[in-house]
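# Just a sequence and a predicted model for now, questions to come.
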Amino acid sequence: MVAHMASDVVRLSVTGEHVAQALHEARKMLESAQDEVVLDFAAVHRIDSGALRALHDLADTAGGNGTQLVLSNVSVDIYKVLKLMGLTQRFSFRA
């Protein structure tokens, strides 16, 4: 995971090998984020149950402090999994 902070936006690149771990670390970073956290999923080709739980927890934390979560570069297959799990409404999506 690579983090970049610019003004009130935190940008994180999530690697495909350790998605859940990166999302747990991103959750810790939410405490310092003010407006928006962008998670770049370009390197993620599949998502497991641990990562889905971590996304759910991340969305709960962000909702509690008013931070908007944005997922960028999400593949169609991962989007479909998020949709089936009812998580798409909890995030914004960007190409």
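Alright, I've got the coordinates. Residues are numbered from 1 along each chain as shown.
# show me the contacts for the closest residue to Thr15 other than its chain neighbours.
Spatially, and ignoring its direct neighbours in sequence, Thr15 is nearest to Ala43 (5.1 Å; CB to CB, 6 or more residues apart in numbering). For the C-beta atoms, the positions are set from N, CA and C on the backbone; glycine is no exception. Neighbouring residues of Ala43 by CB atoms under 8 Å, 6 or more residues apart in numbering: Ser13, Val14, Thr15, Gly16.
# Centroid-nearest residue for the chain?
Leu39 (4.5 Å; CA atoms, centre = their mean).
# the strands in this structure, which residues?
2-6, 9-15, 36-43, 68-72, 92-94 (DSSP state E).
# Which strands border the shortest one, and is each parallel or antiparallel?
Strand 92-94 has these partner strands in its sheet, going by DSSP bridges: strand 68-72 (parallel).
# mean confidence score for the strand it pairs with?
In this model, strand 68-72 has an average pLDDT of 91.
# One more: stretch 19-36?
Confidence over stretch 19-36, taken as the mean pLDDT, stands at 78.
# got the buried residues for that stretch?
Using 16 or more other CB atoms under 10 Å as the test for burial, stretch 19-36 gives Val19, Ala20, Ala22, Leu23, His24, Ala26, Arg27, Met29, Leu30, Ala33, Glu36.
# didn't the second one look like it was pressed against Ala51?
Yes. With contact taken as CB atoms under 8 Å, Ala20 and Ala51 are classed as touching, separated by 4.5 Å.
# what's the closest non-adjacent residue to Val44?
Nearest to Val44 is Gly16, by CB to CB, 6+ apart, at 4.8 Å.
# Repeat that for Asn73.
Nearest non-adjacent residue to Asn73 (CB to CB, 6+ apart): Ala42, at 3.8 Å.
# Next up, the contacts around that neighbour.
With contacts defined as CB under 8 Å, 6+ apart, the neighbours of Ala42 are Ser13, Ser72, Asn73.
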